[in-house]
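Novice: Build me a model:
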Amino acid sequence: MNLPWHDQALSKLQKMIDQNHLPHALLITGTQKIGKFELMQQLVGILLKDDAIIRRDNILEELNHPVLIRRSNYTNMIYCRAGEINEKTKNRSKDIRIDQVRAFCEALNKTADDLQIGVIFYGDQMTVNAANSLLKTLEEPRENTLIIILAHNVQNLPMTVVSRCQNIHIAPSFDDKTQAWLKAQLSETQNADFDIAQLLVNTHGVPFKVLSELTEGGFIAYQAYQNQLLNIAIHPLTINQTQIFEGNELEVLHCLQNLIIEAIKLKTTQQEGGLVELNQLAERAKSDYLFKLLDDVYQAIRLSKTSVNIKLLLDNILIVWSHITHLKQYPQISSNY
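Specialist: Have a look, this model is predicted:
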């Protein structure tokens, strides 16, 4: 599968291979659904000169019996992942445990003539003890061994692990190649109904997330939130018409966050976007008030992970949003949280 937003990362890896400088440990990072697993498959396919054998691995399947590591269709390749059944508790673990990593390292330490590959996903789900048990193998790997760690957030990995790996980061993408790829995945009706560039903005440049949101109907709800938020900003008296927000407060906050960011971009570049109401808002609202509201939305999203009343958070934000085009002084709403 040719994924254009992987081009830069893949080019870097290919250069390492061509110059015989591929390290013994790679750390592939990027936000969820950016395609870290797919990049790993591409890399292994290049190294083995056979990508079909790896693509037959049904590694995401949930097994009904305890297992520490899984074998690939390629004999000398193993996987270590979260979500396996714990033999002692019989529960499916959300973490990668120390017994899994020990089994992973033991398997990689066995002598093999051909290239040995070990994949851990996702590395930021390793417990502290599990990560520590990996260090010796990272420091003293056997020859002809490659360890690939996939991670959503490198900050959730111990620096002792990060420092022993070569990091390959997959960045979000909004460019024309990515838009063309995404357009090719969508139906004619979907291409007619949605603005591809806006879909990528809404998902922070993650094409696979666009596809999953469309499949699950997420963008239909998103558009409804977006339309009502813009309506509130332009017609403040409609602030009481927020029934569709109930039970979806966090999604609405993320939608509002995207609208404010887009409004700031329009105001900064002095350009017009595809949404008439957003253009009006960007023209009328003061830049410093938009930035302050964006800070408050970020704070509300952060606090939503605590025991704070998320509905109250959103209500406070919406009051300011409904006056954003004609505020004379920005209120200190964060003190109400």
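Novice: Now do the buried residues in stretch 175-183.
Specialist: Counting neighbours by 16 or more other C-beta atoms under 10 Å, one finds that the buried residues in stretch 175-183 are 178-179, 181-182. Where you see a C-beta, it was placed from the backbone N, CA and C, and this is true even at glycine.
Novice: Show residues contacting that stretch.
Specialist: 2-5, 7, 191, 196-197, 199-200, 205, 207, 210-211 (C-beta atoms under 8 Å, 6 or more residues apart in numbering).
Novice: before we move on, the earlier item: switch the buried residues of stretch 175-183 over to CSV; also include distance to residue 328.
Specialist: Shown next, in CSV, are these (distance: C-beta to C-beta, whole Å):
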residue, distance to residue 328
178, 42
179, 41
181, 47
182, 43
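Novice: Of those residues, which is the nearest to residue 56?
Specialist: Using C-beta to C-beta, residue 181 comes nearest to residue 56 of the buried residues of stretch 175-183, at 24.0 Å.
Novice: Dihedrals phi and psi, the nearest residue to residue 257 once chain neighbours are set aside?
Specialist: Leaving aside its chain neighbours, residue 257 sits nearest to residue 297 (4.9 Å; criterion: C-beta to C-beta, 6 or more residues apart in numbering). Torsion angles at residue 297 (phi, psi; degrees, to the nearest 10) stand at phi -70, psi -40.
Novice: What about residue 297, how many residues nearby?
Specialist: 23 (other C-beta atoms under 10 Å).
Novice: So which residues of the stretch 1-150 of the chain form strands?
Specialist: Remark: strands assigned in the stretch 1-150 of the chain by DSSP state E, counting those that start in this stretch are 25-29, 70-71, 77-81, 116-121, 145-151.
Novice: Most tightly packed of these?
Specialist: Of all the strands of the stretch 1-150 of the chain, strand 116-121 has the most neighbours on average by mean count of other C-beta atoms under 10 Å, namely a mean of 25.
Novice: Taking strand 25-29 as reference, get the angle to that strand.
Specialist: 30 degrees (axes from the mean of the first three to the mean of the last three C-alpha atoms, to 10 degrees).
Novice: got JSON lines for the buried residues of stretch 175-183, with pLDDT, distance to residue 97 and secondary structure too?
Specialist: Shown next, in JSON lines, are those (pLDDT from 0 to 100; distance: C-beta to C-beta, whole Å; DSSP: H, G, I helix; E, B strand; the rest coil):
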{"residue": "178", "pLDDT": "97", "distance to residue 97": "37", "secondary structure": "helix"}
{"residue": "179", "pLDDT": "96", "distance to residue 97": "41", "secondary structure": "helix"}
{"residue": "181", "pLDDT": "95", "distance to residue 97": "37", "secondary structure": "helix"}
{"residue": "182", "pLDDT": "94", "distance to residue 97": "37", "secondary structure": "helix"}
